[in-house]
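A.B. asks: please work out how this folds:
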Amino acid sequence: QLQFVESGGGVVSPGGSLRLSCVASGFTPDYYAIGWFRQVPGKERETISCIARDGSITHYLDSQKGRFSISRDNGRKTAYLYIDNLNSEDTGVYYCAAYRVICLSAPNEYYYWGQGTQVAVSS
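C.D. replies: Residues are numbered from 1 along each chain as shown. So this is what the prediction gives:
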């Protein structure tokens, strides 16, 4: 099955940080852009950031882009999302997915979705 496998979520106190990982399973992610997404309770899935095949980065949450950092390690078939200064509004399920070469804003354009990793921000 072609998909990403996400990990690194958990329960974090407000103001804390996390590094999420997603590993490609069944395919080589080198030729794809990789996006990170989240779905918080009661809202639609939204695109956080994307790193294209050439390493260029696009952030889609303009008001919060300073708290999110995306990177990739093709040798490990892995992408990462570092989240700083977590708050309760960051609680949700975080996913990664791929698109051909370039980044797009719409989650429904992406594929190879994994099951996600749950993040809960709580004191």
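A.B. asks: was I right about residue 59 contacting residue 81?
C.D. replies: No - counting by C-beta atoms under 8 Å, residue 59 stays clear of residue 81, with 11.2 Å between them. In this view, the C-beta of every residue, glycine as well, is placed from N, C-alpha and C.
A.B. asks: now do the contacts for residue 89.
C.D. replies: Residue 89 makes contact with 40, 121, according to C-beta atoms under 8 Å, 6 or more residues apart in numbering.
A.B. asks: of residue 59 and residue 81, who's got more company?
C.D. replies: Neighbours were counted for residue 59 and for residue 81 using other C-beta atoms under 10 Å; residue 81 has more, 26 against 17.
A.B. asks: let me know the pLDDT of the more buried one.
C.D. replies: pLDDT recorded at residue 81 is 97.
A.B. asks: does it really touch residue 34, like I thought?
C.D. replies: No - in terms of C-beta under 8 Å, residue 81 does not count as a neighbour of residue 34; the distance is 9.7 Å.
A.B. asks: need the overlap of contacts for those two.
C.D. replies: 70, 96.
A.B. asks: okay, and the common contacts of residue 59 and residue 81?
C.D. replies: Between them, residue 59 and residue 81 share the contacting residues 48-49, 68, judged by C-beta under 8 Å, 6+ apart.
A.B. asks: in the protein, which residue is most central in space?
C.D. replies: The residue lying closest to the centre of the chain (C-alpha atoms, centre = their mean) is residue 36, at 2.3 Å.
A.B. asks: please pull out the lowest mean pLDDT helix or strand from the chain.
C.D. replies: strand 57-59 (a mean of 93; mean pLDDT, DSSP states H and E).
A.B. asks: what's the first helix or strand after that strand?
C.D. replies: Per DSSP states H and E, the first helix or strand lying C-terminal to strand 57-59 is strand 68-73.
A.B. asks: still on that earlier bit, give the partner strands of the least confident helix or strand of the chain in its sheet and their orientations.
C.D. replies: strand 46-51 (antiparallel) (DSSP bridges).
A.B. asks: now the strand it pairs with: average pLDDT?
C.D. replies: 96.
A.B. asks: over to stretch 6-22?
C.D. replies: Mean predicted confidence for stretch 6-22 is 97.
A.B. asks: that's all I had, so thanks and see you.
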